[in-house]
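Undergrad: Got a predicted structure here, sequence first:
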Amino acid sequence: MELFIIFAAFIVATIISSLVKQRGVVEFFSVAASAIGLFGALRVALQVAATGSYTPVALLHVDALGAIVLLVIFCVGFVAAIYSIAYLRMETSKNIIGVTRVRQYFILFNLFSLAMLLAVTANNPIFAWIAIEATTLSTAFLISFYDKPSAIEAAWKYLIINSIGLLLGFFGTLMYFTSVIVSDGGAFMSWQALAASAAGLDSLIAKIAFIFVLIGYGTKVGFVPMHTWKPDAYSKAPNPIGALLSGALLPIAFITLLKFKSITDAVVGPQFSQQLLIVFGTLSIVVAALIMLNAKNYKRLLAYSSIENAGLMALGFGFGGMGAVAAILHLIYHSLVKGVMFFSSGNLLLKYHSAKIGKIKGALSVLPTTSVLFIAGFLVVTGVPPFGMFVTKLQILSAGIQAHPAVSIIALAFMALIFISFLKHSTAMFFGEPPKDVVHGEGGIWLLIPPVLLLAVIIMLSFYIPPFLASLLHDAAALY
């Protein structure tokens with residue numbers, strides 16, 4: 001019942017955003033839909049923690065990892081909806097966009113949320129693929145939201161690269177279907193049925209299929225070398241959308257990949273998929289670290305940070321055991337902290353009118369609260385104690401140190417380089433003498449409340465994990 005209410009809420013919000021011209025009404029229904037999504041996701045997560053899964057109808061199914069990702073999506077999405085109102089109001093006051101563009105934004109925002117909901121809950125690989133492709137279409141228009149040539153170029157790059165990647169993923173999906181014996185005129189093929197028929201899948205076909213799926217959905221995750229769309233898309237999209245791309249869309253593609261991993265492991269054993277994840281994970285960390293050291297744009301810096309963290313999650317699942325549990329918890333922390341960083345960087349953009357690191361000086365005196373939030377986000381995302389990402393990074397590396405010592409040492413070394421990069425850029429941005437034409441003062445309380453809320457959740461989860469969430473974490477690790 002909860003899922004149907006969430007679907008209905010976003011459909012209604014989309015229709016109202018399309019028909020009603022009053023800005024306040026559009027904003028209210030969009031935030032209300034996200035609030036209903038968060039409440040419904042919490043209800044679903046509690047049910048899954050108690051019963052193991054949630055299947056209201058054959059078409060929809062949520063397991064432990066799906067419940068976690070669903071909760072993350074709407075936690076970030078609800079806060080992003082609130083932040084979007086204040087952010088877009090500031091942009092309209094500066095004549096950056098018009099009121100009509102605001103309506104278009106919320107239409108696409110609600111469609112994006114609807115597509116993500118379907119991608120997580122769809123109990124069929126083809127439906128999940130369609131939903132993830134739908135997220136590509138809705139976000140492509142959001143990336144080109146400002147109609148600048150560079151934004152349009154980034155949107156086309158995002159659309160083409162991701163569509164080609166997902167096409168390869170679709171081909172891999174069809175290869176998994178070769179194990180299915182069709183009888184009685186065919187039947188609905190659920191993830192469970194596909195896993196049950198894995199015994200009939202040829203081992204060579206399973207390996208080839210997983211490679212296609214890994215490349216396809218790995219493109220959406222942003223693994224190197226399929227990452228090239230990510231810095232452009234993140235830097236050109238409105239900041240609330242950047243938070244959703246990193247904090248919500250990345251986990252969706254990741255868990256879809258993991259579902260195919262579990263099927264492949266049943267056929268050929270876990271070593272094949274784990275080795276591939278370790279290779280892509282290591283490559284992503286190394287390349288992201290090297291580029292971040294000389295980054296010129298702080299929104300692109302956050303994009304490469306997402307690539308690095310996706311690589312670290314891949315290592316966690318590649319190492320297995322405690323590494324998988326830590327990778328899932330790391331996914332939660334990463335989604336939340338990217339919201340903090342994109343929202344605070346949005347405040348910087350509104351004040352300085354530039355995303356270039358070289359043009360941001362003395363932000364600590366100009367925007368003291370925003371600067372503290374960004375610095376706190378930098379400390380969280382680089383794994384500084386006592387924040388939870390310090391523990392998850394330590395657990396992931398500990399899980400791999402015996403079987404893959406060289407990989408663990410390489411990852412640790414380049415993670416240290418990433419900390420140095422963030423420290424270097426943060427020092428340049430937040431200290432020094434601000435430009436004389438910049439007016440001191442925060443843009444408003446509603447530009448600060450969203451990142452503060454997410455940071456509060458991160459701090460809480462760093463010291464206390466609710467019992468239902470702990471149960472979901474261990475169940476999800478056992479499944480994948």
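TA: Received it, and whenever you're ready, just let me know what you need.

Undergrad: Tabulate the CA atom coordinates of the worst-scoring helix or strand of the chain on mean pLDDT in PDB.
TA: Least confident helix or strand, the chain: helix 191-196 with a mean of 87, by mean pLDDT, DSSP states H and E. What follows is helix 191-196 as a C-alpha-only set of coordinates in PDB (Å, rounded to 0.1, in the frame of the first residue of the first chain):
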ATOM      1  CA  TRP A 191      14.400 -11.100 -10.200                       C
ATOM      2  CA  GLN A 192      13.600 -14.200  -8.100                       C
ATOM      3  CA  ALA A 193      12.600 -16.300 -11.000                       C
ATOM      4  CA  LEU A 194      15.700 -15.300 -12.900                       C
ATOM      5  CA  ALA A 195      17.900 -16.200  -9.900                       C
ATOM      6  CA  ALA A 196      16.100 -19.600  -9.500                       C
END
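
Undergrad: Can you name the residues in contact with that helix?
TA: 61, 123-125, 176-177, 179-180, 187, 259, 262-263, 266 (C-beta atoms under 8 Å, 6 or more residues apart in numbering). C-beta here means a position set from N, CA and C on the backbone, and glycine is covered the same way.

Undergrad: Which ones among these lie within helices?
TA: Mapping the contacts of helix 191-196 onto helices (DSSP state H) picks out 125, 176, 259, 262, 263, 266.

Undergrad: can I get the CA coordinates of the host helix or strand of residue 478 in CSV?
TA: Using DSSP states H and E, residue 478 sits in helix 467-479. Output in CSV follows, covering the C-alpha atoms of helix 467-479 (Å, rounded to 0.1, in the frame of the first residue of the first chain):
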residue,chain,number,x,y,z
PRO,A,467,18.2,-1.6,15.1
PHE,A,468,16.0,-1.8,12.0
LEU,A,469,18.8,-0.3,9.9
ALA,A,470,21.4,-2.6,11.4
SER,A,471,19.1,-5.6,10.5
LEU,A,472,18.7,-4.3,6.9
LEU,A,473,22.5,-3.9,6.6
HIS,A,474,23.3,-7.4,7.6
ASP,A,475,20.5,-8.9,5.5
ALA,A,476,21.6,-6.9,2.5
ALA,A,477,25.2,-8.0,2.9
ALA,A,478,24.0,-11.7,3.1
LEU,A,479,22.0,-11.3,-0.1
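
Undergrad: Where does residue 55 sit: helix, strand or coil?
TA: When classified by DSSP: H, G, I helix; E, B strand; the rest coil, residue 55 comes out as strand.

Undergrad: contacting residues for it?
TA: 61, 62, 123.

Undergrad: Now render those as a markdown table, adding distance to residue 459 and pLDDT.
TA: A markdown table is the format used below for the contacts of residue 55 (distance: C-beta to C-beta, whole Å; pLDDT from 0 to 100):
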| residue | distance to residue 459 | pLDDT |
| --- | --- | --- |
| 61 | 33 | 94 |
| 62 | 28 | 94 |
| 123 | 36 | 93 |
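
Undergrad: Compare these and tell me which is most surrounded.
TA: For the contacts of residue 55, neighbours were counted by other C-beta atoms under 10 Å; the highest total belongs to residue 62, with 24 neighbours.

Undergrad: hang on, the earlier thing: just the contacts of residue 55 now: which is nearest residue 160?
TA: Set against residue 160, the nearest of the contacts of residue 55 by C-beta to C-beta is residue 123 (29.6 Å).

Undergrad: Quick check: the closest one touching residue 190?
TA: Yes - between residue 123 and residue 190 there is a contact under C-beta atoms under 8 Å: 4.7 Å.

Undergrad: Mutual contacts of these two, please.
TA: Residues touching both residue 123 and residue 190 (C-beta under 8 Å, 6+ apart): 58, 61.

Undergrad: re the thing from before, now the least confident helix or strand of the chain: how far from the chain's centre is it?
TA: On the basis of C-alpha atoms, centre = their mean, to the nearest Å, helix 191-196 is displaced by 26 Å from the centre of the chain it belongs to.

Undergrad: got it, and stretch 155-174?
TA: Offset of stretch 155-174 from its chain centre (C-alpha atoms, centre = their mean): 18 Å.
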